[in-house]
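Trainee: everything below, folded, please.
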Amino acid sequence: MIYIVYKYAYHGRKDKVVNMEMCNAMKEFLEGGRREGQREGRIEGQREGRIEGQREGRIEGKDEARLDSIRTLMKKLDQTAEEAMDTLDIADEDKVRYRKMLGL
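Mentor: This is a model prediction of the structure:
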């Protein structure tokens, strides 16, 4: 961990003024690095958020398409929800979720 003293009083000694200037330069350098790190973190967070949002959107779209297919089979072929899901080869573990989405 780095500790920096930002202020030195000038008491007629040049080395104190130089130390103060060096500390100010170091402070600016560290603050610039922190800002750059924050900017990079925001960019990375936005990228990850976009990817996750796209993934969730695809899953949601797939679910909606399957629900539409189930409803269509139920209506046009007069099938029960279970029969429609069997026709679409929906896995047993997914059937519970689709039943809930259908309100059954």
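Trainee: what helices or strands is the worst-scoring helix or strand of the chain on mean pLDDT leaning on?
Mentor: Ranking every helix and strand in the chain by mean pLDDT, DSSP states H and E puts helix 14-76 at the bottom, with a mean of 82. When contacts are defined as 3 or more C-beta pairs under 8 Å, 6 or more residues apart in numbering; DSSP states H and E, helix 14-76 packs onto helix 81-87, helix 92-102. In this view, the C-beta of every residue, glycine as well, is placed from N, C-alpha and C.
Trainee: mind putting those into JSON lines with distance to residue 35 and mean neighbour count?
Mentor: Listed next are these as JSON lines, based on distance: least, C-beta to C-beta, whole Å; neighbours: other C-beta atoms under 10 Å:
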{"stretch": "helix 81-87", "distance to residue 35": "54", "mean neighbour count": "17"}
{"stretch": "helix 92-102", "distance to residue 35": "45", "mean neighbour count": "12"}
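Trainee: and the least confident helix or strand of the chain, how far out from the chain middle?
Mentor: 6 Å (C-alpha atoms, centre = their mean, to the nearest Å).
Trainee: quick one: it to helix 92-102, angle?
Mentor: Using axes from the mean of the first three to the mean of the last three C-alpha atoms, to 10 degrees, the direction of helix 14-76 lies 80 degrees away from that of helix 92-102.
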